[in-house]
Every structure is written in C-alpha cells, then in structure tokens.
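J.: Sequence and predicted structure are below.
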Amino acid sequence: MLVTIRSASLPITPRATPIPSPDPGPVTAPATTGPVAPEAADDDLVAVLAAMSREGFRGDLRAREGRVVCSTCQSVLAPHDLLVHRLHRLEGASDPADMLAVVGATCRGCGTDGALVLGYGPRAGVDDAMVLARLDIPDEVGSPDLR
C-alpha cells in the first residue's frame, strides 16, 4: 500500500515570541535481554515495525507490480525469492477491515533483512495481493489466514 503525501509551499511568518520547548529530561534506551518479537497480532503497525527493527529487519522492502523491490540494492525480486522469517497479521483498531501483513524477510540480492508491509483482505491493492499470494512462507513461520 503506497501513501502519497502532497504538500504546498506556504509563506512562513516568524513568530514575535519564540515558543519554549519543554525539557524532556534524561533519555534512556529500554533495557532488553535479546531480540524482541512482536507479541500479539493486534499491535499497531509502528510497534510491530519497531520490534522487527530491533530483531534486525531494518531494510525496506516494497511491493511493486506484483514483485518486491529492495530499497538497499534496488533488486526487483519475485515474491517467492524472498527468504521469509516473520509474518505478523494486523487489523485496524477502529476498523477491522484495515488489514495488514508485516513480513520480515531477507533480500537474496544483497542479504538485507527488511520489512515488507502488505494489505490483505477485501481492501488490499492488486500489487499487495499478488505479492502475498506468491510468497513462499515456511511452515515454521506459520501462515495466518490472509484472505
């Protein structure tokens, strides 16, 4: 699913009085003992992507014309050529029809571990549906119902 954001150039007028920024205090990283996997299928997308990033899936994979593009090496791969390691199913909190599959996979072109976000179900785009149908998902990863 591709979202395009358009912006307009507007004149910026300086404020007469600067807005003070609050002091956030000391910033500390959360303590973890190892890779953290997303817990539940009803997590939000940001939380799942953050957890996958902590697991090492930091690259960006995208569906385009029924294939997968790696943003690291620009390889265009057939979906079955990805090495799938993780699969998470998400549904929208306010609208269960907002369904996403987050795939943690390795690009065979450059070895980058990345995340691929695909829509599924009745509102899925054609590219996402084609890629999802052609992924080779190992049994140990599981295959939640993504129809």
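T.: Sure thing, it's come through.
J.: ok, the nearest residue to Gly92 once chain neighbours are set aside - how many residues close by?
T.: Nearest in space to Gly92, with sequence neighbours left out and distances taken as C-beta to C-beta, 6 or more residues apart in numbering, is Asp98 at 3.0 Å. For the C-beta atoms, the positions are set from N, CA and C on the backbone; glycine is no exception. Neighbour count for Asp98, taken as other C-beta atoms under 10 Å: 15.
J.: for the one 4 residues further on, same thing?
T.: Counted with other C-beta under 10 Å, the neighbours of Val102 add up to 21.
J.: Not counting residues beside it along the chain, what's closest to it?
T.: His88 (4.5 Å).
J.: separation between that neighbour and Gly125?
T.: 19 Å (C-beta to C-beta, to the nearest Å).
J.: Could you check which of these two is surrounded by more residues?
T.: A count of neighbours by other C-beta under 10 Å puts His88 above the other of His88 and Gly125, at 24 against 14.
J.: Distance check, that one against Ala78.
T.: 22 Å.
J.: how long is stretch 67-83 from one end to the other?
T.: Between the opening and closing residues of stretch 67-83 there is a gap of 14 Å (C-alpha to C-alpha, to the nearest Å).
J.: so Ala105 is in which element?
T.: strand 99-106 (DSSP states H and E).
J.: In terms of secondary structure, what does the helix or strand that that strand is followed by contact?
T.: Tracing the chain past strand 99-106, the next element assigned as helix or strand by DSSP H and E is strand 113-119. When contacts are defined as 3 or more C-beta pairs under 8 Å, 6 or more residues apart in numbering; DSSP states H and E, strand 113-119 packs onto helix 45-54, strand 59-64, strand 99-106, helix 126-134.
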